[in-house]
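> need coordinates for the following:
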Amino acid sequence: MPTCRSLYKPLLWTLILLGGNAWSAAVENDAPRSRLATKLKPAKVVAPAPEEELVLDEAQLLVATHVHHGEVQCEFNQKVHLTPHPEKPGRFSLQFGKMNYTMVPEPTTTGAVRLEDKKAGVVWLQIPTKSMLMNSRLGQRMADACMHPTQVALVNAAAKSPSSEGGIGITPGR
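Okay, here's the model as predicted:
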């Protein structure tokens with residue numbers, strides 16, 4: 001009785017000599033093994049709309065009204081430039097070094113301002129006393145201790161006021 005090895009050896013040499021194209025053609029032209037296989041067709045995958053094209057809801061638009069925009073000074077002499085996006089209401093263009101991001105406001109439960117570019121994995125967090133730029137994929141700060149002139153004025157006023165409550169100056173549920 002012939003062994004499996006002796007039966008497949010001529011087929012293997014034929015495929016090797018003809019190259020990989022013969023194998024792929026043989027597999028593609030192989031008839032379906034059941035009626036079910038002929039009826040099933042691969043489902044078409046519909047790509048979700050890019051985040052930049054999605055319409056912002058009321059909560060996101062409310063967050064956008066609290067964003068301090070303009071040039072923001074950060075520690076280590078870094079600068080972040082944040083401007084309202086000229087073509088996309090409620091969104092912001094953030095420039096850090098040579099990188100540009102389209103930031104979308106996201107509501108938070110703490111009252112902090114959060115802008116996010118999910119595609120790039122970048123998050124801008126703003127509380128009354130400072131702001132920071134984060135790489136959410138790596139969990140690292142790109143820029144910290146960033147202060148807009150409005151935040152500087154608030155910190156200076158709080159330092160002069162004897163009745164200051166302390167804390168970071170955010171009110172949850174805003």
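> partners of the helix or strand that contains residue 143, with directions?
In the assignment (DSSP states H and E), residue 143 maps to strand 140-146. According to DSSP bridges, strand 140-146 forms sheet pairs with strand 130-135 (antiparallel).
> pLDDT of the strand it pairs with, averaged?
Mean per-residue pLDDT for strand 130-135: 96.
> got a list of contacts for it?
Strand 130-135 has contacts (CB atoms under 8 Å, 6 or more residues apart in numbering) with 68, 72, 74, 80, 94, 96, 121-125, 140-148, 151. Glycine gets a C-beta too; all of them are placed from N, C-alpha and C.
> just the strands from the protein, written as ranges.
70-73, 79-84, 92-96, 99-106, 113-117, 122-127, 130-135, 140-146 (DSSP state E).
> the first one packs against which elements?
Spelled out, it's strand 70-73. strand 79-84 (3 or more CB pairs under 8 Å, 6 or more residues apart in numbering; DSSP states H and E).
> how does it look with 10 Å?
The elements that strand 70-73 packs onto, with contact taken as 3 or more CB pairs under 10 Å, 6 or more residues apart in numbering; DSSP states H and E, are strand 79-84, strand 92-96, strand 130-135, strand 140-146, helix 149-160.
> what's the burial count for the nearest residue to residue 61 once chain neighbours are set aside?
Spatial nearest neighbour of residue 61, chain neighbours left out: residue 90 (5.0 Å); criterion: CB to CB, 6 or more residues apart in numbering. By other CB atoms under 10 Å, 18 other residues sit near residue 90.
> please look at residue 90 and residue 60 and confirm they touch.
Yes: Residue 90 lies in contact with residue 60 (CB atoms under 10 Å); the separation is 6.2 Å.
> which neighbours do these two have in common?
104-105 (CB atoms under 10 Å, 6 or more residues apart in numbering).
> wait, what's in contact with residue 154?
Contacts of residue 154 (CB under 10 Å, 6+ apart): 128-129, 147-148, 169.
> shaky segments in the chain?
Along the chain, the parts satisfying pLDDT under 70 run over 1-53, 163-174.
> and if we set it to 80?
Within the chain, the stretches with pLDDT under 80 are 1-54, 161-174.
> for residue 103, find the nearest of the helices and strands packed on strand 70-73.
strand 92-96 (4.4 Å; CB to CB).
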